[in-house]
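J.: Using only what follows, build the 3D model:
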Amino acid sequence: MQGPRRVASYYRIPAIQVETICAYTNQVPCTQTRTPGSPQTTFAMESQIDIIARELGMNPVEFRMKNLLDDGDATPFGQKLKGIVVKDILKKALDTSGWKKPKGKSVGRGVAVYERPSGAGKSGAAITIETDGRVNVHLGVPDVGPGIHTVVQQIVSEVLDLPRERVTVRVEDTDSSPYDSGTGGSKSTNSVGTAAFQAVSEVKEKLLALAAARIGCKPEEIQAANGRYNAPARKAMSFSDVIVLALEQNGESLTHLSVYEPSRAPITSFAAQVAEVEVDRGTGQVKVNKLTTVHDSGTVLNHLSYQGQIDGGVVTGLGFALMEDNSLVDGKMATANLGEFKMATVADVPKLTTVLMQDANGPTPYQGKAIAEIPNVPTAAAIANAIEDAVGVRLHDLPLTSEKVYAALNKG
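T.: Residues are numbered from 1 along each chain as shown. Below is the predicted model:
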């Protein structure tokens, strides 16, 4: 479980002990969802940070700023990370959200922080340059929604200086597809993307060598400049022209397979979220007015899919915080269908504001970073902290339903 391993990983804590216990029960079997274990442990940790701050009579933001990592600090578990910008991320979230602006009655703001590195796993990619000049990229992983096929298409077209329309990504059966460790762990761009980048870079070298042999020069004499390729005694060519020469020399299509298994780089992605809520003291109902999320994104390879991951993740976090419940009654699941299991709909979603702080220092091709399992994690803690700021009640278990808020307001 990633969650317990990453608890408090962005704070300076000189002494820490984390114990993870797996319990065998006779209840309904369960499994993980997006970011296994992290939303739960981050809810506990970031709630506890607010509790400690208020016990000390300190502002929760000031308390965090005193204890968040600086560049060069080790995590509580001794890991040395590069490019620690968590304080900058938090400051940007506070400024963007209007943290210091006056608030109405029963309106509160809460903040939570999180970090997670890009995952890593073995992946393969096969590049085929067809005789008609089209490029086929054969992967072993389907696109289940994050847009990895589009990102791979972008990477390959960028390296080969070709229009994206000339590049096709396909997945076949496991007998004929390159090996892949599968989708999960926020690793697709880092693993699959790097395998494709490696494969297309190597096939480009082969194409240049074949083209050089065709025109009677050395490969290094073919020079690239602004998407054009210059060779001795020839006019500047497009890479499509280079491909034609290479295939004439090869006499058939050209295929190259590359397998890549990245190591885990000491680089992570930080995120900070600010929630603003309004609580009805008469009913306990919590209305989230707006959510601000700021991400240390590295280079964003595809803004549409990247923003989609953030929006979907924040809405997932919203549902986890306020309504999704798998309670057991007499050993049976009380919310056994989507008619009973409440999920966030468009009517529940507040104004979402995203800020990306791009710094080209990530582990993926073109220095990108992971995003998939980050935006859903700090949301519940930010909302819980905002509820306490609004009406002074602290809830310790999820979801943060109106019944629980009402009971806490009227306790005693």
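
J.: For stretch 26-33, give me every contacting residue.
T.: Met1, Asn326, Leu328, Gly331, Lys332, Met333 (CB atoms under 8 Å, 6 or more residues apart in numbering). C-beta: built from backbone N, CA, C; applies to glycine.

J.: roughly how far is it from the heart of the chain?
T.: Centre-to-centre, stretch 26-33 and its host chain are 25 Å apart (CA atoms, centre = their mean, to the nearest Å).

J.: Identify each buried residue in it, please.
T.: By 16 or more other CB atoms under 10 Å, stretch 26-33 has no buried positions at all.

J.: same thing with stretch 178-187?
T.: Burial within stretch 178-187, assessed by neighbour count using 16+ other CB under 10 Å, is assigned to Pro178, Asp180, Ser181, Gly182, Thr183, Gly184, Gly185, Ser186, Lys187.

J.: Rebuild the residues you listed as JSON lines, extending it with secondary structure and pLDDT.
T.: Putting the buried residues of stretch 178-187 into JSON lines (DSSP: H, G, I helix; E, B strand; the rest coil; pLDDT from 0 to 100) gives the following:
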{"residue": "Pro178", "secondary structure": "coil", "pLDDT": "92"}
{"residue": "Asp180", "secondary structure": "strand", "pLDDT": "90"}
{"residue": "Ser181", "secondary structure": "coil", "pLDDT": "88"}
{"residue": "Gly182", "secondary structure": "coil", "pLDDT": "86"}
{"residue": "Thr183", "secondary structure": "coil", "pLDDT": "85"}
{"residue": "Gly184", "secondary structure": "coil", "pLDDT": "84"}
{"residue": "Gly185", "secondary structure": "coil", "pLDDT": "84"}
{"residue": "Ser186", "secondary structure": "coil", "pLDDT": "86"}
{"residue": "Lys187", "secondary structure": "coil", "pLDDT": "87"}
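
J.: Of those residues, which pair is most distant in space?
T.: Maximum pairwise distance in the buried residues of stretch 178-187, criterion CB to CB, is 20.7 Å, between Pro178 and Ser186.

J.: can you count the residues close to the nearest residue in space to Arg116 that is not next to it in sequence?
T.: The spatial neighbour of Arg116 that comes closest, neighbours along the chain excluded (CB to CB, 6 or more residues apart in numbering), is Ile374 at 5.3 Å. The local packing of Ile374 (other CB atoms under 10 Å) involves 28 other residues.

J.: How about the one 5 residues further on?
T.: Here the count is done by other CB under 10 Å, and Thr379 has 29 residues near it.

J.: go on, Asp70?
T.: Applying other CB under 10 Å, we find 10 residues neighbouring Asp70.

J.: ok, so what distance separates Thr131 from Gly251?
T.: Thr131 sits 9 Å away from Gly251, going by CB to CB, to the nearest Å.

J.: swap in Val7?
T.: When CB to CB is the yardstick, Val7 and Gly251 sit 59 Å from each other.

J.: The two: which is more packed in?
T.: For Val7 and Gly251, the more surrounded residue by other CB under 10 Å is Val7, and the numbers stand at 22 against 9.

J.: any idea of the pLDDT on the residue located most distally from the centre of the chain?
T.: Here the chain has its C-alpha centre computed as a mean, and the residue farthest from that point, by CA atoms, centre = their mean, is Ala233 with 48.6 Å. Among the per-residue scores, Ala233 shows a pLDDT of 82.

J.: try Ile215
T.: According to the predicted model, the pLDDT of Ile215 comes to 90.

J.: what sits against the residue nearest the centre of the chain?
T.: The centre of the chain sits closest to Ile371, judged by CA atoms, centre = their mean, with a distance of 1.2 Å. Counting by CB under 8 Å, 6+ apart, Ile371 makes contact with Ser186, Ser269, His295, Ser297, Tyr306, Gln309, Ile310, Gly313.

J.: between the buried residues of stretch 178-187, which is closest to Pro60?
T.: Nearest to Pro60 out of the buried residues of stretch 178-187 is Ser186 (CB to CB; 27.7 Å).

J.: Not counting sequence-adjacent ones, nearest residue to the closest one?
T.: Spatial nearest neighbour of Ser186, excluding adjacent residues (CB to CB, 6+ apart): Ala370 at 3.8 Å.

J.: Could you do Thr255 as well?
T.: Spatial nearest neighbour of Thr255, chain neighbours left out: Thr128 (4.5 Å); criterion: CB to CB, 6+ apart.

J.: Wait, a strand at that neighbour?
T.: Yes - counting by DSSP: H, G, I helix; E, B strand; the rest coil, Thr128 is found in a strand.
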